[in-house]
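Chemist: Dropping the sequence and predicted coords here.
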Amino acid sequence: MNWGTKIVLGMIVFMLFIIGMVVYMFKIHGNDNLVDEDYYEKGINYNDEYNANQNVITDKAEPKITISDSQIIIQLKDSANYNLKLARPSTKKDKLADSGATVSDAHLIIINRQNMHSGVWYLELKWISNAKKYQLKKSITL
């Protein structure tokens, strides 16, 4: 085999590698949780999110998050109505959304984590307490 044949075979192998990578990227496209579907609306409403984040800082209302083997317990400063989203960045399949009111006099939000995979999760918690909006975005590890 001469050097011209080796160059042609090398080019064919390289082209097959590139085609394989393209097929793989199209196959996994859309399975990650890194891009929001409604990112234009979030950009328009960014001032509301910023004000809610600042309310957490100025009112010293950051929730206490406790993670055990069976539960995630979030304790708020005051009673509130909340919207909670938990999502894994690696896949769209692992997503949890919950809303409601805090329970007991300790102002708790209790999430059952029996079916939740371990790893990094993005927590987004929005709540309204005393007619003020609050928001917390945080990464937690289960």
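Modeler: Everything's here; your move.
Chemist: which residues in the chain form strands?
Modeler: 64-67, 71-75, 81-87, 95-101, 108-112, 120-129, 132-141 (DSSP state E).
Chemist: Buried ones in the fourth one, by neighbour count?
Modeler: This means strand 95-101. For strand 95-101, the neighbour count (16 or more other Cβ atoms under 10 Å) marks Leu96 as buried. C-beta coordinates here come from the backbone N, C-alpha and C atoms, glycine included.
Chemist: Give me the residues contacting that strand.
Modeler: Identification of contacts with strand 95-101 by Cβ atoms under 8 Å, 6 or more residues apart in numbering yields 33, 79-88, 109, 111, 116.
Chemist: and Val35, what pLDDT?
Modeler: For Val35, the pLDDT comes out at 64.
Chemist: same check, this time on Lys93
Modeler: 78.
Chemist: tally of neighbours for it?
Modeler: Using other Cβ atoms under 10 Å, Lys93 is surrounded by 10 other residues.
Chemist: Break this structure down into its domains, please.
Modeler: Here the domain assignment for the chain is 1-30, 39-141, based on automatic domain parsing.
Chemist: Cool, thanks, talk later.
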